Structure formats: C-alpha cells, structure tokens
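Colleague: okay, sequence plus prediction incoming.
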Amino acid sequence: MRAPRLITLLGLAACGHSTPLEGETAEAAKQYPDLFAIYSSEQGIYRGCGPTSGVCHNSNEFPNFDSLGSIVDTIGRDCNLKRGDASTIHDLCERQGDLLVSGSATSEIAWIETMDLTTRTWRVHLREPFAMSGALSVERDDRELYAFADYAITATRDDDRTITLTVPAPPPPMTEDDEPEPDFGLTVLSRSGIAGDPALIRVGDPNRNGTFGAELGGKIIKPGDPARSYLMARLLDPSAGPLMPRANCCRWSKPAVRALYCWIESLNSDGSNAMAKIDYSRCSAGPSVELLYPEPGPTCEMQGLCPVEAASADDEPTFHNVYARVLVPSCSGPTCHGSGPVAGLDFSNEQRAFDTMLTKTKAGNPETSTIYRRIEPNLCMAPDCVTMPLGRPPIAEAKRALVRTWIEMGAQR
C-alpha cells in the first residue's frame with residue numbers, strides 16, 4: 001500500500017503545475033560540484049544506479065556505472081538496447097538502416113513487416129521511392145550482406161516505397177552430417193531491426209514513427225546536449241521506457257538529475273573536461289517535468305515509489321520542449337540544420353537553436369514569424385514558400401501548435 005506522503009523533487013506548487021529543472025540548480029551545485037560527487041554521494045550514481053547487490057549497471061549491464069572510468073567511457077557511445085521488440089527502440093538509439101539495392105536503385109530500409117508466417121511473406125518498407133529493376137540485395141557500408149536471388153525469393157513491388165517478399169523454406173539437409181540451410185525468413189527478416197545484432201538486417205525506423213533516428217546524432221551521453229542524451233531520456237521521459245532508477249530510488253534525487261543534466265551540457269565535444277567542476281551558471285533551464293520520489297528517511301523503502309513516477313509537461317510552451325519535441329526530431333538531421341548553420345539556422349544544440357530561432361521569429365506574432373510560416377502548410381504557399389522539413393511530411397499539428405504558442409507567449413528562453 002503506497003504511503004500517502006509524497007515529495008516532488010521539483011518544488012511543485014500546490015496547484016500541481018511543474019517547474020523547470022533549473023529550480024534545483026542551487027541545491028545541485030551545493031551537493032554535486034563535479035562528476036565525482038554525482039557518482040559517489042549518498043544520493044548519487046553508484047548508490048542509485050550502480051551495481052548495488054550485484055545488479056543494475058555493473059559490467060554486465062550497459063551502460064556500466066560501476067566506476068568513474070566506466071561512466072566517462074560512456075560519453076559519445078551508442079545505445080546497446082536489450083530489446084526483443086524493435087518497435088520499442090527509442091529514436092535516439094536508432095541506427096542507419098541498410099540499403100536495399102536493385103540495379104542502380106537504392107533506398108534505406110525503414111522497417112520490415114511480417115505479413116504471414118504460414119505463407120512466409122514479409123513486406124519491406126523503404127525510405128525513398130524505389131524502382132525495382134532486377135535481383136535484390138542488401139548492402140551495408142558498401143558491402144553486400146544478402147543477395148536475395150540466392151534464396152529464390154519472389155519479390156513484388158506494391159508501390160514505390162514497399163516491396164513484398166515471399167521466401168521459400170530452406171531445403172532439408174542432404175545427409176545427416178550436412179548443416180541445415182539457414183532459414184532466411186525466420187532468422188533474418190522476422191527479427192530485423194533489433195539493435196546490436198550484426199547478423200540481422202538493420203532498419204532505419206524500427207519503431208515506425210517516421211523519424212529516422214540516426215539523423216538525430218543521439219548517444220548515451222551526448223556532450224553538450226542533454227536532449228540528445230539517451231541517459232537523460234531514461235531519467236525524465238516515460239515514453240523512453242520505465243523511468244530510472246528502477247530500484248534504489250531512495251538513493252537518487254531531483255538535485256542529482258539536475259547535476260547530471262548540467263554536467264552533460266557542460267561537456268566538451270571530446271569529453272576532455274568530464275572530471276572538471278560543473279559550470280552551473282551556464283546550464284540551461286531544461287525540461288519541465290514532475291518527478292515523484294520516496295521521502296528520504298528510515299521508511300523510504302516502504303513508500304512504494306519505485307520505479308520513479310513522472311508526469312512530463314511535454315505540452316508546456318517552453319523553448320526546451322520546442323527544441324526537444326520539434327527541432328531535434330524534425331529539423332536537425334545532417335542535411336538539415338543539425339550540423340551547423342543552414343539558411344541561417346543552427347539546431348546543433350539548444351543554445352544555438354534558440355539564438356538562431358530568434359532571427360526568424362517575431363515574438364507574439366506567429367503569422368509573421370518566418371520559422372512558424374515555414375512549418376505551417378496553411379501559411380507556406382508555393383511557389384514563394386517551401387514547407388519544412390524539406391522533402392518530408394509536415395510537422396504534426398500538435399507540435400506546430402507548441403511552436404505557435406511559444407511564439408505567442410513571447411519566444412522566451
């Protein structure tokens with residue numbers, strides 16, 4: 001039975017509205033001046049997330065938090081998800097998809113859909129229009145992984161972005177000593193998209209939400225960019241999976257979350273200052289999110305608030321939400337604004353995004369703000385205006401509304 005007394009580690013008002021992470025900055029700076037303090041404190045990484053009682057993030061659980069060195073080694077590393085269902089993979093952890101090739105035509109594989117195991121039929125969804133002109137193969141890094149013709153696969157193009165494959169069962173061994181032929185359909189097609197298995201076809205959009213996550217440049221810890229750091233998503237965003245820590249919640253706190261956020265934001269691109277003092281004065285506000293932890297004390301473990309509970313204020317018109325929910329997934333790919341200034345806009349991190357957004361924004365008036373007009377199809381009319389993101393479907397209405405409200409409320413940082 002859950003104890004009735006809860007604490008929110010955000011300093012929530014009585015009306016229940018959440019306040020930004022920056023509300024804990026002073027306490028975070030006092031308790032956690034550097035990474036060593038975040039790691040070793042009574043409410044820190046080792047006690048909250050490390051190998052307590054031989055479980056959690058030890059050498060067998062990635063990321064490994066059993067030492068300071070292992071935490072630093074995680075900087076810039078890709079996710080290593082132990083997921084049996086590709087659709088649950090987070091955008092920040094998606095990899096570049098393999099290419100489907102037919103003659104001179106190529107397209108990144110978006111995902112592979114199992115249609116009918118009885119007839120051994122799969123449908124391959126592609127990112128770009130594809131003109132099938134002969135035998136099919138799958139390539140990765142300019143080398144061939146699979147030549148579909150070798151498996152006598154029947155391929156039918158449904159439309160310019162989908163192809164249906166019918167795969168025969170492998171022939172039985174000729175003798176008892178022969179190795180059986182690999183079952184291409186069941187062992188490769190049915191499980192493709194699972195992160196970390198090099199034997200499978202890698203797909204670019206395994207969760208099928210339209211975002212090709214490799215373009216986001218996400219890492220477990222992305223130096224200078226908490227919004228692209230999967231570690232922060234697991235601490236703050238319930239949609240990324242069960243919030244961490246899933247155990248030892250009495251050993252973690254809201255100031256610790258804030259300290260980790262500011263540490264990531266202050267990292268040099270190569271992580272060379274990982275052990276330096278955290279410059280809290282330069283740390284941005286961060287997301288608005290309500291986090292519920294057990295109240296510290298002798299009865300902490302009895303309060304039943306583990307894993308952590310959260311109610312993310314994703315619809316609050318803060319710039320962090322505009323950046324994390326709109327600009328990062330929709331506008332920051334390598335061919336867009338994520339690797340430096342393009343058409344005067346640089347979304348490579350939150351501060352640069354804010355600075356350059358202001359050059360295209362008229363506070364209080366979305367209709368005359370260039371940035372809003374370019375994402376709103378009803379305002380951006382050809383031939384004088386091209387809707388962004390270029391060559392992709394328009395940004396969802398709810399996300400456009402978030403940008404609109406942020407501008408109407410003054411376009412504040």
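Modeller: Okay, I see it.

Colleague: what segments of this structure are helices?
Modeller: 25-31, 35-40, 45-49, 68-74, 184, 230-236, 254-266, 319-322, 328-331, 350-358, 370-375, 397-408 (DSSP state H).

Colleague: and the fourth one, what does it pack onto?
Modeller: So the one you mean is helix 68-74. helix 35-40 (3 or more CB pairs under 8 Å, 6 or more residues apart in numbering; DSSP states H and E). Where you see a C-beta, it was placed from the backbone N, CA and C, and this is true even at glycine.

Colleague: please identify the buried residues of the helix it packs on?
Modeller: Neighbour counts over helix 35-40 (16 or more other CB atoms under 10 Å) mark 35, 37, 38, 39 as buried.

Colleague: now swap in stretch 92-108 and tell me
Modeller: Buried, per 16+ other CB under 10 Å, within stretch 92-108: 92-95, 97-102, 105, 107-108.

Colleague: mean pLDDT lowest for which of the helices of the chain?
Modeller: Looking over these, mean pLDDT reaches its minimum on helix 328-331, with a mean of 76.

Colleague: what residues does that one touch?
Modeller: Residues outside helix 328-331 that contact it (CB atoms under 8 Å, 6 or more residues apart in numbering) are 91, 211, 216, 227-228, 337-338, 345, 347, 388-389, 392, 395, 399.

Colleague: redo the buried residues of helix 35-40 as a markdown table? Include distance to residue 380.
Modeller: Listed next are the buried residues of helix 35-40 as a markdown table, based on distance: CB to CB, whole Å:
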| residue | distance to residue 380 |
| --- | --- |
| 35 | 45 |
| 37 | 49 |
| 38 | 45 |
| 39 | 48 |
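
Colleague: next one: the residue located most distally from the centre of the chain from residue 69, what distance?
Modeller: In the chain, counting by CA atoms, centre = their mean, residue 175 sits farthest out from the average C-alpha position, at 48.6 Å. Between residue 175 and residue 69 the distance, using CB to CB, to the nearest Å, works out to 53 Å.

Colleague: give me the buried subset of the contacts of helix 328-331.
Modeller: Neighbour-count burial (16+ other CB under 10 Å) applied to these gives 91, 211, 216, 227-228, 337-338, 345, 347, 388-389, 395, 399.

Colleague: if we can go back for a sec, and the least confident of the contacts of helix 328-331?
Modeller: For the contacts of helix 328-331, the least confident entry is residue 338, with 62.

Colleague: returning to what we had before: ok, so of the buried residues of stretch 92-108, who is nearest residue 259?
Modeller: residue 92 (21.0 Å; CB to CB).

Colleague: need the contact list for the closest one.
Modeller: Taking CB under 8 Å, 6+ apart as the criterion, residue 92 is in contact with 79, 213, 216, 218, 219, 228, 229, 230, 233, 240.

Colleague: thought the fifth one was touching residue 232?
Modeller: No: the criterion here is CB atoms under 8 Å, and residue 219 misses it with residue 232 at 10.9 Å.

Colleague: related to what we said a few turns ago, could I get the contacts of helix 328-331 as a markdown table with distance to residue 378?
Modeller: Below are these laid out as a markdown table (distance: CB to CB, whole Å):
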| residue | distance to residue 378 |
| --- | --- |
| 91 | 27 |
| 211 | 23 |
| 216 | 27 |
| 227 | 28 |
| 228 | 31 |
| 337 | 22 |
| 338 | 26 |
| 345 | 21 |
| 347 | 23 |
| 388 | 14 |
| 389 | 16 |
| 392 | 17 |
| 395 | 13 |
| 399 | 15 |
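
Colleague: I'd like to know which of the residues you listed is nearest to residue 322.
Modeller: The shortest gap between residue 322 and any of the contacts of helix 328-331 belongs to residue 399, at 8.6 Å (CB to CB).

Colleague: tell me the pLDDT at the closest residue to the closest one other than its chain neighbours?
Modeller: Leaving aside its sequence neighbours, residue 399 sits nearest to residue 326 (CB to CB, 6 or more residues apart in numbering; 4.7 Å). Residue 326 carries a pLDDT value of 81.

Colleague: which ones are touching residue 326?
Modeller: 375, 395, 399, 402, 403.

Colleague: quick one: the nearest residue to residue 212 once chain neighbours are set aside and residue 325, what's the gap?
Modeller: Spatially, and ignoring its direct neighbours in sequence, residue 212 is nearest to residue 204 (4.6 Å; CB to CB, 6+ apart). Computed as CB to CB, the residue 204 to residue 325 distance reads 21 Å.

Colleague: which of the contacts of residue 92 fall within strands?
Modeller: Counting by DSSP state E, no part of the contacts of residue 92 is found in strands.

Colleague: start and end of stretch 371-380, how far apart?
Modeller: 10 Å (CA to CA, to the nearest Å).

Colleague: what residues does it touch?
Modeller: 326, 345, 357, 360-361, 366-367, 385-388, 394-395, 400, 403-404, 407.

Colleague: if any of those are buried, put those into a ChimeraX selection.
Modeller: Of these, the buried ones go into a single ChimeraX selection, burial set by 16+ other CB under 10 Å:
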select :326,345,357,361,366,387,388,394,395,400,403,404,407
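
Colleague: double-check residue 236 against residue 308; I have them as touching.
Modeller: No: applying CB under 8 Å, one finds residue 236 not in contact with residue 308, separated by 9.5 Å.

Colleague: what touches both of the two?
Modeller: 243, 291.

Colleague: where in the stretch 51-200 of the chain is pLDDT low?
Modeller: 52-55, 81-84, 149-152, 195-196 (pLDDT under 70).

Colleague: tell me where it has strands.
Modeller: 99-102, 105-116, 121-126, 137-140, 143-147, 154-159, 162-166 (DSSP state E, counting those that start in this stretch).

Colleague: wait, which of those is closest to residue 319?
Modeller: For the strands of the stretch 51-200 of the chain, the distance to residue 319 is smallest for strand 105-116, at 30.8 Å, taking CB to CB.

Colleague: how big is the angle separating the closest one from strand 121-126?
Modeller: Counting by axes from the mean of the first three to the mean of the last three CA atoms, to 10 degrees, strand 105-116 lies at 150 degrees to strand 121-126.

Colleague: strand 105-116 pairs with which strands?
Modeller: As defined by DSSP bridges, the strand partners of strand 105-116 come to strand 99-102 (antiparallel), strand 121-126 (antiparallel).

Colleague: quick one: distance of the longest one to the chain centre.
Modeller: Computed by CA atoms, centre = their mean, to the nearest Å, the separation of strand 121-126 from the middle of its chain amounts to 24 Å.

Colleague: CA atoms only: put that strand into CSV for me.
Modeller: Extracted C-alpha coordinates of strand 121-126, given in CSV (Å, rounded to 0.1, in the frame of the first residue of the first chain):
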residue,chain,number,x,y,z
THR,A,121,5.6,-13.4,-46.6
TRP,A,122,7.2,-10.1,-45.5
ARG,A,123,6.8,-6.5,-46.6
VAL,A,124,9.8,-4.3,-46.8
HIS,A,125,9.1,-0.6,-46.2
LEU,A,126,11.6,1.9,-47.8
